[in-house]
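Undergrad: heads up, no residue letters with this:
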């Protein structure tokens, strides 16, 4: 009897344990299904932003940060290696383990793309590049030399692109521009977003040699390519295609890093030489990227800069609307302005009162500075620099954001195409720095706004340095800056001065990633001679 009772007890325990396991497995399965559903439909519940003319700028979704803004360096010229778009590198290339939010095509986009064959995508790219259709032309045309042509390089980060388009829609004078979006991914979500723009003329062009359309062959990666970290002396005798072309650091090419430079060069050649609507255009081209954000007065300020450039003549090549705020010692600037004997007494008193008011806010909110990071320094200096520009030698890590120039300056660059295409660095801006220092008769000169009108919000991407990735943090910072500086936007005129460099600009050893002869040849073959 006792044995029978023990057997019954064991049976009851085992049965209960089995039921517990079944319930948990079912629960895990449901969780996985829910997660998969969320991943396949990431846009569910989000606001449709097709109508971009809303005045509510506070409903913007997520957004990210400037990967170039982490560690402080004392001398901009000396810190170029750390500050370049190259970001944090492992053996001079970006850290592939860095987390990236929205920097790769999400699963819903992958699913949509899989419905199109490679042949279909190539045909659509070819048709679009041949047709060169300008949307809204009848509403805002024609294009004149006073039109600002805004060229945006787009990959696949649709969240950032929404923010950029939103900021453009709020800019004064945007109806007098032509927006050109240059894509290296064919995606209907991106296309629909761009085609929904109703506040300016819009043209889409498509980079035809992308990784999307060349998944298993150059300029993508094929199975016959040498592995990145393969030892040179071991692959010479192997059959891998590029065994003879490692980069300066002894590594072989990675297509995901070479594409950006190829795309930038193709895009520039395309807009300056191959667009019918711009064949006689002699005005300004402004170059932006999908993870930029513009102030509402950026076009107003750009036109002021154009007028000032005419005063400087050939001393200025590039106009720069953006910069990285940590490059400046804002606190020092504020103190200098406080004691500025040249400033009129009444203006100096007003400046003192405003700075004191800002300091009072900071004292009453001890966590204010920590919460907004560099916002405190910016607030101290915003009164001093928002209508100021400086002229200096062009430095890639400082002046690569929101660049504007004309066909005249482009002709100087394209004349050095061989130097650009053969330089062993996968960054287009470092390659242009090499061109400026080693090929051009005179180094590129820039006029840069000290109070930026273009901001880099791309926290999550190839050059992201941190293990975490908060896509809202920098958008909040930028909105706070522009809100604080609101009364100082749309200046009547600019104060422009020349800044001398403390040290001669020297281009240090490149970042590599561009040693493959096939990349050199392809880059040169994409070069158009006007």
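TA: Perfect, thanks for sending it. Since we're looking at a predicted model, the values are computed, not measured.

Undergrad: any weak-confidence spans in the protein?
TA: Per-residue confidence of the chain (counting by pLDDT under 70) places the weak regions at 1-115, 325-383, 459-471, 501-507, 529-530.

Undergrad: now the strands for it?
TA: With DSSP state E as the definition, the chain shows strands at residue ranges 89-90, 93-94, 134-135, 148-154, 177-183, 201-206, 285-289, 292-294, 318-320, 388-393, 403-405, 445-449, 454-456, 495-498.

Undergrad: and those as TSV, adding distance to residue 301 and mean neighbour count?
TA: C-beta here means a position set from N, CA and C on the backbone, and glycine is covered the same way. Converted to TSV, the strands of the chain look like this (distance: least, C-beta to C-beta, whole Å; neighbours: other C-beta atoms under 10 Å):
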stretch	distance to residue 301	mean neighbour count
strand 89-90	34	14
strand 93-94	32	23
strand 134-135	26	20
strand 148-154	12	23
strand 177-183	14	24
strand 201-206	21	23
strand 285-289	11	24
strand 292-294	10	26
strand 318-320	9	24
strand 388-393	9	19
strand 403-405	11	23
strand 445-449	6	24
strand 454-456	10	28
strand 495-498	12	14
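
Undergrad: wait, which of those is closest to residue 508?
TA: Distances from residue 508 to each of these were compared using C-beta to C-beta; the shortest belongs to strand 89-90, at 12.8 Å.

Undergrad: what's across from the nearest residue to residue 498 once chain neighbours are set aside in the sheet?
TA: If you skip the residues right next to it in sequence, residue 498 has residue 391 as its closest partner in space, 4.7 Å away by C-beta to C-beta, 6 or more residues apart in numbering. With beta bridges defined as DSSP bridges, residue 391 has these partners: residue 447, residue 498.

Undergrad: number of nearby residues for the spatially closest residue to residue 386 that is not a sequence neighbour?
TA: If the residues on either side of it in the chain are set aside, residue 386 comes closest to residue 451, at 3.4 Å by C-beta to C-beta, 6+ apart. Neighbour count of residue 451, defined by other C-beta atoms under 10 Å: 23.

Undergrad: how about residue 451, what does it touch?
TA: In this structure, residue 451 makes contact with 382, 385, 386, 387, 388, 485, 488, judged by C-beta atoms under 8 Å, 6 or more residues apart in numbering.

Undergrad: Format the residues you listed as JSON lines; extra columns: distance to residue 500.
TA: Rendered in JSON lines, the data for the contacts of residue 451 read as follows (distance: C-beta to C-beta, whole Å):
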{"residue": "382", "distance to residue 500": "25"}
{"residue": "385", "distance to residue 500": "18"}
{"residue": "386", "distance to residue 500": "23"}
{"residue": "387", "distance to residue 500": "21"}
{"residue": "388", "distance to residue 500": "16"}
{"residue": "485", "distance to residue 500": "27"}
{"residue": "488", "distance to residue 500": "27"}
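
Undergrad: can you tell me which two in the residues you listed are farthest apart?
TA: When C-beta to C-beta is used, the two most widely separated members of the contacts of residue 451 are 388 and 485, lying 12.7 Å apart.

Undergrad: Mind listing residues that contact stretch 197-204?
TA: So stretch 197-204 is in contact with 51-53, 128, 132-137, 139-141, 143, 165, 168-169, 174-183, 191, 194-195, 275, 277, going by C-beta under 8 Å, 6+ apart.

Undergrad: can you check stretch 300-311 too?
TA: Contacts of stretch 300-311 from elsewhere in the structure, counted by C-beta under 8 Å, 6+ apart, are 148, 172-173, 284, 286, 295, 316, 319, 321, 389, 404, 447, 449, 453, 490-491, 493-494, 496.

Undergrad: redo that, cut-off 7 Å
TA: Identification of contacts with stretch 300-311 by C-beta atoms under 7 Å, 6 or more residues apart in numbering yields 148, 172-173, 284, 286, 316, 319, 321, 389, 404, 447, 449, 453, 490, 493-494, 496.

Undergrad: Now do the buried residues in stretch 413-425.
TA: Judged by neighbour count using 16 or more other C-beta atoms under 10 Å, the buried positions of stretch 413-425 are 413, 414, 416, 417, 419, 420, 421, 422, 423, 424, 425.

Undergrad: Any chance of a ChimeraX selection covering the buried ones in the contacts of stretch 197-204?
TA: Selection of the buried residues among the contacts of stretch 197-204 in ChimeraX, burial being defined by 16+ other C-beta under 10 Å:
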select :52,128,132,134,135,136,140,143,165,168,169,174,176,177,178,179,180,181,182,183,191,194,195,275,277
